[in-house]
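J.: sharing a model that was predicted from the sequence below.
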Amino acid sequence: MSPTAHSRTKAFVKKLLSAITLGLFVILLGSPVLALNDGQQLVLESWSLVNEGYLYPSRFDEVQWRKLRMKALEKPIENSEQAYKAIEEMLIPLGDPYTRLLRPKDYEAMKASNLGSEINGVGLQLGARSSDGQIVVIAPLEGSPAADAGVTSGTELISVNGQSPKSLGLEATAARLRGETGSQVLVKLRSPDGEIKDLELERRSVDLRPVRTRRLRDESHTFGYLRITQFSEGVPEQVNEALQELSEKGIEGLVLDLRNNSGGLVSSGLAVADRFLSGQPIVETRKRDGISEAIPSGLDTLYKGPLVTLVNGGTASASEILAGALQDSGRSKLLGSRTFGKGLIQSLTNLSDGSGLAVTVAGYLTPSGRDIQNLGIEPDRLLEMPEPLNQGGPEDRWLQDAELFLGASLDLQNQKELPNENESIKSETEEKIIPISS
């Protein structure tokens, strides 16, 4: 072969190899699904959902988000458990405990909770403290083993059956607290005042009953009491029925109790706000594009009468949206203690294998522009500590304080509406004078 022909052959082979390499590269990048098994597709599906919707895209450069995807797919993923671990490891660097994977059983438990049915467990609603990632109690569910044991908002979980909640993460910790009715779980807790204790709690079925109501009567007034413990799917309709029933009983005012309401469905919280506000903004949302968007209430309200609202450290997320809207609009005074401070909104997506992915997609501000995340909402009036544990019961001091506050407000309003005694006499005298034409 001549030198010229040899050169041409080398050039042709080089060109051909380059074309083959480029073709393979395009195939791998352009159609990765064709080369991935089910577990790897689940990882890629999760990465894409976070990549498209996460509130803080600036974090992607900080954690080298694309490299995390490649690193996850390089690991052997032959089953669902390996895929779940790869996804969890991929999400950890984001530093957001609320952006998380939910295994199928946990996902079903969360959906059941949002439907307002029953759960099997100890009844702890958990959150992650932003300052150090420590898993803490937002609130115990009313009537649950945790509530019966006196566990309070702000309590730290040190261990669950010997495992560290901080290492497990939010969802895995919650999963270990749930289980068959009658089974036991050992938790080590640090109370807000620093006391450390071990508790053995027996799991049982807890009826969520998110809406509770009754009349409050004293010598002078009749009030309604409306307690909402979470914003699950059926809550707006239950609130409608409760307000209708109380109105028919001739209540003069309403005590709205949002204590230990850790949130739930934001849509339900907004719908309940609609029952009390007329044409006023409920909340502003911040999305990843930085645009703030005010969500207004409708013009029709279901209850227009006097209102006072109870909040505490277990009031979080959707219930903080409602409390902030009522306070900013002047519709209701807030009584109690500072709220939890969860100002982030998560989308919940069903993944292809029945698991779920929660992604932080927005933050919210009160209508006046206050950021709730990590700060909470300061009530108009702080009530005396320690906080009563029997919320809504006959010995609930805070509820009694709310009744007194509402009664005093009504009495003051009634005094303002009464005409001055001298002005009344003068008016009667003037009516008896007959004008005479001159």
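T.: All right, it came through fine.
J.: any regions of the stretch 251-400 of the chain where pLDDT drops low?
T.: Judged against pLDDT under 70, the stretch 251-400 of the chain has no low-scoring part.
J.: mind listing the strands for it?
T.: 253-257, 281-286, 292-296, 307-311, 333-336, 344-350, 356-365, 381-382 (DSSP state E, counting those that start in this stretch).
J.: partner strands of the third one, parallel or antiparallel?
T.: Here the strand partners of strand 292-296, with direction, are listed using DSSP bridges: strand 281-286 (antiparallel).
J.: ok so, going back, for the strands of the stretch 251-400 of the chain, state which one has the densest average packing.
T.: Highest mean neighbour count of these: strand 307-311, a mean of 26 (counted as mean count of other CB atoms under 10 Å). For glycine as for every other residue, the C-beta is placed from the backbone atoms N, C-alpha and C.
J.: end to end, how far does stretch 347-361 reach?
T.: 6 Å (CA to CA, to the nearest Å).
J.: can you check stretch 388-406 too?
T.: First-to-last residue span, stretch 388-406, CA to CA: 19 Å.
J.: outside of that stretch itself, list whatever touches it.
T.: Contacts with stretch 388-406, where a contact means CB atoms under 8 Å, 6 or more residues apart in numbering, come from 142, 147, 150, 152, 212, 216, 218, 221, 223, 225, 227, 253, 255, 257, 259-260, 306, 308, 310, 333, 335-336, 381, 383-384, 387.
J.: quick check: buried residues in stretch 388-396?
T.: Buried residues in stretch 388-396, counted by 16 or more other CB atoms under 10 Å: 388, 391, 392, 396.
J.: tell me which two in the residues you listed are the farthest apart.
T.: 388 and 392 (9.5 Å; CB to CB).
J.: leaving out sequence neighbours, find the closest residue to residue 204.
T.: Spatially, and ignoring its direct neighbours in sequence, residue 204 is nearest to residue 181 (5.1 Å; CB to CB, 6 or more residues apart in numbering).
J.: thought residue 120 was touching that neighbour, still the case?
T.: Yes: counting by CB atoms under 8 Å, residue 181 does reach residue 120; the two are 5.5 Å apart.
J.: and those two? which has more neighbours close in?
T.: Between residue 181 and residue 120, residue 120 has the larger neighbour count (other CB atoms under 10 Å), namely 17 against 11.
J.: element containing the more buried one?
T.: strand 118-121 (DSSP states H and E).
J.: what's in contact with the helix or strand just after that strand?
T.: Per DSSP H and E, the first helix or strand lying C-terminal to strand 118-121 is strand 124-128. Contacts to strand 124-128, defined as CB under 8 Å, 6+ apart, come from residues 97-98, 134-141, 144, 146, 151, 157, 165, 170, 173-174, 177, 260, 262, 314, 316, 340, 342.
J.: can I get strand 124-128 in PDB, CA atoms only?
T.: The C-alpha trace of strand 124-128 is given here as PDB (Å, rounded to 0.1, in the frame of the first residue of the first chain):
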ATOM      1  CA  LEU A 124     -45.600  12.000  67.000                       C
ATOM      2  CA  GLN A 125     -45.500  14.600  64.300                       C
ATOM      3  CA  LEU A 126     -41.900  15.300  63.600                       C
ATOM      4  CA  GLY A 127     -39.800  18.100  62.000                       C
ATOM      5  CA  ALA A 128     -36.100  18.800  61.500                       C
END
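J.: just grab the bridge partners of residue 206 for me.
T.: Taking DSSP bridges, one finds residue 119 as the beta-bridge partners of residue 206.
J.: how close does it get to residue 141?
T.: 5 Å (CB to CB, to the nearest Å).
J.: so what's in contact with the two at the same time?
T.: Common contact partners of residue 206 and residue 141 (CB under 8 Å, 6+ apart): 119, 123.
J.: neighbours of the nearest residue to residue 385 once chain neighbours are set aside, how many?
T.: Nearest residue to residue 385, sequence neighbours excluded (CB to CB, 6+ apart): residue 337, at 7.3 Å. Using other CB under 10 Å, residue 337 has 23 neighbouring residues.
J.: identify the residues contacting residue 337.
T.: 311, 312, 313, 379, 382, 383, 385, 387.
J.: please repeat the previous calculation with a cut-off of 7 Å.
T.: If you count contacts by CB atoms under 7 Å, 6 or more residues apart in numbering, residue 337 has them with 312, 313, 379, 382, 383, 387.
J.: need the contact list for the closest residue to the third one other than its chain neighbours.
T.: This points to residue 379. Of all residues not flanking residue 379 in the chain, residue 334 sits nearest, at 3.9 Å (CB to CB, 6+ apart). With contact set as CB under 7 Å, 6+ apart, residue 334 has these partners: 309, 311, 323, 327, 377, 379, 380.
J.: still on that earlier bit, could you report the pLDDT at the residue nearest to residue 204?
T.: Looking at residue 181, its pLDDT reads 86.
J.: sitting in strands, which of the contacts of strand 124-128 do you find?
T.: 135, 136, 137, 138, 139, 140, 157 (DSSP state E).
J.: first residue to last residue on stretch 123-136, what's the distance there?
T.: End-to-end distance for stretch 123-136, by CA to CA: 13 Å.
J.: what does stretch 330-347 give?
T.: With CA to CA as the measure, stretch 330-347 spans 30 Å from end to end.
J.: when you give positions from now on, start the count at 867
T.: Yep, numbering from 867; the last one is stretch 1196-1213 now.
J.: where's it relative to the chain centroid, distance-wise?
T.: Here stretch 1196-1213 shows a centroid-to-chain-centroid distance of 10 Å under the convention CA atoms, centre = their mean, to the nearest Å.
J.: same thing with stretch 1166-1185?
T.: The answer for stretch 1166-1185 is 15 Å, by CA atoms, centre = their mean.
J.: any idea how far the residue nearest to residue 1245 is from residue 1192?
T.: In terms of CB to CB, residue 1200 sits 7 Å off from residue 1192.
J.: need the overlap of contacts for those two.
T.: By CB under 7 Å, 6+ apart, the residues touching both residue 1200 and residue 1192 are residue 1175.
J.: which strand residues bridge the residue nearest to residue 1245?
T.: In beta-bridge terms (that is, DSSP bridges), residue 1200 pairs with residue 1175.
J.: surely residue 1078 meets residue 1090?
T.: No: using CB atoms under 7 Å, residue 1078 makes no contact with residue 1090, being 11.6 Å away.
J.: compare neighbour counts for the two and give me the winner.
T.: Set residue 1078 next to residue 1090 and count neighbours by other CB under 10 Å: residue 1090 wins out with 24 against 15.
J.: confirm that one sits in a strand?
T.: Yes: per DSSP: H, G, I helix; E, B strand; the rest coil, residue 1090 lies within a strand segment.
J.: how many other residues sit next to residue 978?
T.: Neighbour number of residue 978 under other CB under 10 Å is 15.
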